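> the following block contains a protein sequence and its predicted model.
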Amino acid sequence: MTALKGSLRNRFLLSLAAVLCLALLALVTIARFQIMPILLEDEEAYADAELDRIERALGAELNHMRRLVEDWAHWDDTYDFIQGERPQYVDSNLYESTLETLDLEMMIFLDADSEPYWIVGYDAQGEFTSCPGMMPPCDWASTAVAFLGRYTEQSQDDTTRTSLLAASALALGGLSPIHQSRQESLAGGWLAMVRPLSEPWIEQLRDTTGVELELSRVPVQAGSEQILERTSPTQMTASRLIPALPSSHAVRIDASLPRQRYQASLETFRFALYWTSGVLIATLLIVLWLLERMVLTPLRQLATFTQRLHQETVPPAMPATLLCRQDEIGMLSREFRHLLEHQRQQSDQLRDLTLHDPLTGVANRRLFDQRLTEVLNDSRASEHHAAMMIDIDHFKLYNDHYGHQAGDVCLVTLAQHMEAQLKPQGFLVARTGGEEFSVLLPHTSQEDALQLARELLEAIEALGLDHETSPTSRHVTVSIGIAVQHTNTMEPGDIMRAADQALYQAKANGRNRVAAFECTDLTTAIEP
Ligand SMILES: Nc1nc2c(ncn2[C@@H]2O[C@H](COP(=O)(O)OP(=O)(O)OP(=O)(O)O)[C@@H](O)[C@H]2O)c(=O)[nH]1
C-alpha cells in the first residue's frame, strides 16, 4: 500500500480507478432506479394496450351478436311465430344447420310472459334438440331458461342486451325483445341466442388480434382486475377480468405477450452503457497517458536531478529539457535552479565569512590552520616551509592615544598592505589574533623568509602611520617571528609555537625587528 501511495502515477491510477468505479456505479444506479422503472412502465402500458385491443375484439363480437339477435327478433316471421301464427317457422328456420351456420349453441324463444315458447340447441351429449317449451329432451336448457326468466322480469326497458356468459362454459349471449317491424307494439316475447366461446372461436380471436391468448371462467374476487406477470426475460402474461353473467364470475383474458419492446430498449440501453463505459475508460487512459507524458515524466526527471545533487560531489546540471519548458514545470525547474545558485552563493559567502576576518578581510586563523596543515601534509622531506608571526608594537598605546576606531583602521591598513605585498607571491596573510598576523610561506627557506620579513618591516615603517606614544618609533612598527620547518615530522602547532617564540624574542630584543627560531632552539634576532 505504501508503495502504491509512494508513486504519483499509482495514486493517480488508483484515483482514476475509483472515479471509474463511481461513474459505473452511478450509471448502474441510474439504470436501476431511473431507466428500468420507465422501461417497466412502458411495458405495462404496452400490455394494457394489448388487453384493450383484445377487449375491443370481444366487444366487436358482442356487437355482431347484437345485430344477429336483433335481426331475428325484429323479423315479422319471428313475431308471428311467437304469437302462434306461424307454426311452419320451426321447420323453415330452426333446424340444426341454422345453429351451425350462425355458430350458436342455443336459441330460446320466450313469450310475453317470459315463459319458454321454443327451445333449439344442443344437449349435454351434443345432440340437436328442438322443443316447444321446457320439456324433454330440451330440459337441459332449464337453467338457462330460469336465468332468462328472472332476467327479463327484472329488466325495466326492452332493449337488446349482449353479454359475456360465464356459467358452466364461456359463451356470448344476446337477448332481444321480439317486435313487429311494421307497427309500434309491445314486445311479443324475447329471443335469446348463445354462442359458445369454443376453441376454434378463440383461435379466430387469436388470429384477429395477433395475440396468443386464453379465456377462462373465474370467480370474481376483489382487487385483482388486472395482473402483469413477467414469466421470463422474453415473455410475460397480462391478465384482465371482464365482467360477465352471472355476476359472481368473470371472464379472464390471459395474454401471453413478448417482451420485445423491453428487450429492445434494454439492448439499446446496454449498448449505450457499454459505449459510455468504453469511452470513459478510453478517456481516462488518454488522460493517464497525457499526465505521464506532460507531468509525471518531467517530475521524475526533476526528482532524479535532486537525488543526484545529494549523491554526487560535482553537482550535475539541470536537464535542459526541463529548463526550456514553458509550462509550470519549466517555471518550477528554473526557480529551483535559481534557488540552487542562490544557495550556492550563500554557502560560498558563509564559507568566506567563516574563513576570513570580518574587519580586515584577510584570512582568519581557521583558514590559516587549514592551509598550514595542507602544506605540511603535502610536503616532501626535501621541501622547506616557513611561517611568520607579526605583532604590532605597543598597539595598546596606539588605541589609548588615537582611539579604538583608529586602531581598527590601522589594523585594516596594515593587513591590506601585507596582503598586497605577499599574496602575489603565493603567500597567505591571516589575522590570527587581535593585533597579531601570521603569514604562511610555503617552499621558502629561512634566508628567504628573513629577507621577506625585513622588507615587510621596512615597508610598514615606510607607511608612516603616526604612533606618537610608541617608545620604539614615531611610526607604527611591527615585530616579526619566523619559524622554518626542518623535518617533515613537524606538526602545524610546532611551527607556529616556534614562530611565536621567535616573535617573543623579537619583542624582547626591542621590537621593530625580526627574529627567527632555529631548530637548535636558538633564536636569532635580526635588527631592522
Ligand atoms: N582597535 C583595536 N584594538 C585591538 C583589537 N584587538 C586587540 N586590540 C588591542 O590590541 C592591544 C594589545 O595590547 P598588548 O597585548 O598589551 O600588546 P601591545 O600594547 O601591542 O604591546 P606589545 O605587543 O608588547 O608591543 C590591546 O589594547 C587590545 O585592546 C582590535 O580588533 N581593534
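Right, received. Where do you want to start?
> surely residue 315 and residue 306 touch.
No: shown here, residue 315 and residue 306 do not form a contact pair, counting by Cβ atoms under 8 Å, at 10.7 Å. Bear in mind the C-beta positions are built from the backbone N, C-alpha and C, glycine included.
> spatially, what comes nearest to residue 86 if we skip its sequence neighbours?
Once flanking residues are discounted, residue 86 sits nearest to residue 80: 4.1 Å by Cβ to Cβ, 6 or more residues apart in numbering.
> average pLDDT for the helix or strand containing that neighbour?
Using DSSP states H and E, residue 80 maps to helix 76-82. Across helix 76-82, pLDDT averages out at 92.
> and it, what other elements does it pack with?
With contacts defined as 3 or more Cβ pairs under 8 Å, 6 or more residues apart in numbering; DSSP states H and E, helix 76-82 has these neighbours: helix 88-93, strand 106-111, strand 170-178.
> buried sites along it?
By 16 or more other Cβ atoms under 10 Å, the buried positions in helix 76-82 come out as 78-82.
> burial of residue 345, as a residue count?
The burial count assigned to residue 345 is 10, neighbours taken as other Cβ atoms under 10 Å.
> check residue 187 too.
Neighbour number of residue 187 under other Cβ under 10 Å is 18.
> picking that back up, could I get the buried residues of helix 76-82 as a markdown table with distance to the ligand?
A markdown table is the format used below for the buried residues of helix 76-82 (distance: Cβ to the nearest ligand atom, whole Å):
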| residue | distance to the ligand |
| --- | --- |
| 78 | 151 |
| 79 | 154 |
| 80 | 158 |
| 81 | 156 |
| 82 | 154 |
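> and which of those is nearest residue 102?
Distance ranking of those against residue 102, using Cβ to Cβ, places residue 78 first at 13.9 Å.
> the closest one and residue 193 touch, don't they?
No: using Cβ under 8 Å, residue 78 is not in contact with residue 193, being 11.8 Å away.
> which neighbours do the two have in common?
Residues touching both residue 78 and residue 193 (Cβ atoms under 8 Å, 6 or more residues apart in numbering): residue 72.
> most tightly packed of the helices and strands packed on helix 76-82?
strand 170-178 (a mean of 25; mean count of other Cβ atoms under 10 Å).
> related to what we said a few turns ago, got JSON lines for the helices and strands packed on helix 76-82, with mean pLDDT and distance to residue 212 too?
Formatted as JSON lines, those follow (pLDDT from 0 to 100; distance: least, Cβ to Cβ, whole Å):
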{"stretch": "helix 88-93", "mean pLDDT": "91", "distance to residue 212": "38"}
{"stretch": "strand 106-111", "mean pLDDT": "93", "distance to residue 212": "30"}
{"stretch": "strand 170-178", "mean pLDDT": "92", "distance to residue 212": "17"}
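> adding distance to residue 206, write these out as CSV.
What follows is those, written out as CSV (distance: least, Cβ to Cβ, whole Å):
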stretch, distance to residue 206
helix 88-93, 32
strand 106-111, 25
strand 170-178, 15
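> distance to the ligand added to those, as a markdown table?
Converted to a markdown table, these look like this (distance: least, Cβ to the nearest ligand atom, whole Å):
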| stretch | distance to the ligand |
| --- | --- |
| helix 88-93 | 153 |
| strand 106-111 | 144 |
| strand 170-178 | 130 |
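> nearest to residue 477, of the ones you listed?
The minimum distance between residue 477 and these falls on strand 170-178, with 146.1 Å, by Cβ to Cβ.
> sheet-wise, list the partners of that closest one with their directions.
Strand partners for strand 170-178, identified by DSSP bridges, are recorded as strand 161-166 (antiparallel), strand 189-196 (antiparallel).
> distance between the helix ranked longest in the chain and the chain's centre?
If you go by DSSP state H, the chain has its longest helix at helix 36-73. Taking Cα atoms, centre = their mean, to the nearest Å, one finds helix 36-73 lying 52 Å from the centre of the chain it belongs to.
> for stretch 465-477, same thing?
Relative to its chain's centre, stretch 465-477 lies at 87 Å (Cα atoms, centre = their mean).
> can you check stretch 234-248 too?
That offset, for stretch 234-248, works out to 51 Å (Cα atoms, centre = their mean).
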